[in-house]
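Participant: Sequence and predicted structure are below.
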Amino acid sequence: MRVVVVGGSGNAGSAIVRALGRRGAQAVPMSRSGKAIAGAPGVKADIVTGEGLDEALAGADVVVDAANSRNPLDLKPFTIGARNLVAAAERAGVRRAVVLSIIGVDRSKLSYHRRKREQELTYLGSSLDVTIVRAAQFHEWSVDFFEAGSALGAIPVVLGGRLQPVAVSEVADLVADEALEPSGERMLEIAGPQVRVSRDLARAWQAATGARGLIVNGPFPPSMVDYLRSGANLSEQRKGTVTFEEWLARRR
């Protein structure tokens, strides 16, 4: 089975490519660079401009959309990009799509999440057989903030914010399973094994890395603070097994 993984050179996308490869599928990482991942030759295409999309999707059985935006102010991959991808997939005769999304995007006012919800609706309104896999924040999500703040002497946390961080490898396994042997569900959720307070994660990260810095309430956008305080990002539906501390230990 030929599965094109959009955003295949990214953190989640490359993990999905590896998970598909372990299952014997022909995984094709698609990105603007066309980078090969884990021995799988890549294809070059741009979902926002549409350049190369028809060629990249030729002969594909399934499309996995794990596209992301490195610039939080440029969310066109979730809007224009999703519309271009769906149209190209329909032209190519692709039967199925699996979209990687985020738990609670339909209950969040954060601009990033609103565009992710728009992406979901674009797929759900298409002729494709679609499954949306909503994941909790990856373990890396908090660490990115901690590392950036530590370099300046302060480790930012969300006051009252709760997270249920999950290993990207476990999310990738679920996405790969849905791509190859669909459950028939339109919407699935996966979160980590533990609900943690943001400040506790910061302490665990400091203990594991020896990083210095004062833990402070960060200047996060009110919409993000509301989202992490509300519990919209938490789920009991499906849980991974890798805790934050276990992930930190494996990362060394």
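Facilitator: Received the coordinates, thanks.

Participant: Distance check, the closest residue to residue 252 other than its chain neighbours against residue 117.
Facilitator: Once flanking residues are discounted, residue 252 sits nearest to residue 208: 7.7 Å by CB to CB, 6 or more residues apart in numbering. All C-beta spots, glycine's among them, are computed from the backbone N, C-alpha and C. Distance of residue 208 to residue 117, given as CB to CB, to the nearest Å: 34 Å.

Participant: what are the ranges of the strands in the stretch 51-200 of the chain?
Facilitator: Under the criterion DSSP state E, counting those that start in this stretch, the stretch 51-200 of the chain contains strands at 62-65, 96-102, 129-135, 154-157, 162-163, 187-190, 196-197.

Participant: Please tabulate the ones you listed in JSON lines, including the columns distance to residue 15.
Facilitator: Output for the strands of the stretch 51-200 of the chain, formatted as JSON lines (distance: least, CB to CB, whole Å):
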{"stretch": "strand 62-65", "distance to residue 15": "11"}
{"stretch": "strand 96-102", "distance to residue 15": "10"}
{"stretch": "strand 129-135", "distance to residue 15": "11"}
{"stretch": "strand 154-157", "distance to residue 15": "26"}
{"stretch": "strand 162-163", "distance to residue 15": "19"}
{"stretch": "strand 187-190", "distance to residue 15": "13"}
{"stretch": "strand 196-197", "distance to residue 15": "22"}
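
Participant: And the ones you listed: which comes nearest residue 89?
Facilitator: Among those, the nearest to residue 89 by CB to CB is strand 62-65 (5.2 Å).

Participant: Please save the CA atoms from that closest one in PDB.
Facilitator: Provided in PDB are the C-alpha atoms of strand 62-65 (Å, rounded to 0.1, in the frame of the first residue of the first chain):
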ATOM      1  CA  VAL A  62      -3.800   6.800   1.400                       C
ATOM      2  CA  VAL A  63      -2.800  10.400   2.400                       C
ATOM      3  CA  VAL A  64      -1.700  11.100   5.900                       C
ATOM      4  CA  ASP A  65      -1.800  14.900   6.600                       C
END
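
Participant: mind listing what it pairs with, with the direction of each?
Facilitator: Strand 62-65 sits in its sheet next to strand 2-6 (parallel), strand 96-102 (parallel), going by DSSP bridges.

Participant: JSON lines for these, including distance to residue 182 and mean pLDDT?
Facilitator: Converted to JSON lines, the strands paired with strand 62-65 look like this (distance: least, CB to CB, whole Å; pLDDT from 0 to 100):
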{"stretch": "strand 2-6", "distance to residue 182": "12", "mean pLDDT": "98"}
{"stretch": "strand 96-102", "distance to residue 182": "7", "mean pLDDT": "98"}
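
Participant: Residue 232 is nearest to which of the ones you listed?
Facilitator: strand 96-102 (9.8 Å).

Participant: so residue 12 sits right up against residue 66, yeah?
Facilitator: Yes: counting by CB atoms under 8 Å, residue 66 is a contact partner of residue 12 at 4.8 Å.

Participant: Look at these two and report which has more neighbours.
Facilitator: Neighbour comparison, residue 12 and residue 66: the larger count goes to residue 66, with 27 against 23 (by other CB atoms under 10 Å).

Participant: How confident was the prediction at that one?
Facilitator: Looking at residue 66, its pLDDT reads 98.

Participant: next one: phi and psi at it?
Facilitator: The phi and psi values for residue 66, taken as degrees, to the nearest 10, are phi -120, psi 30.
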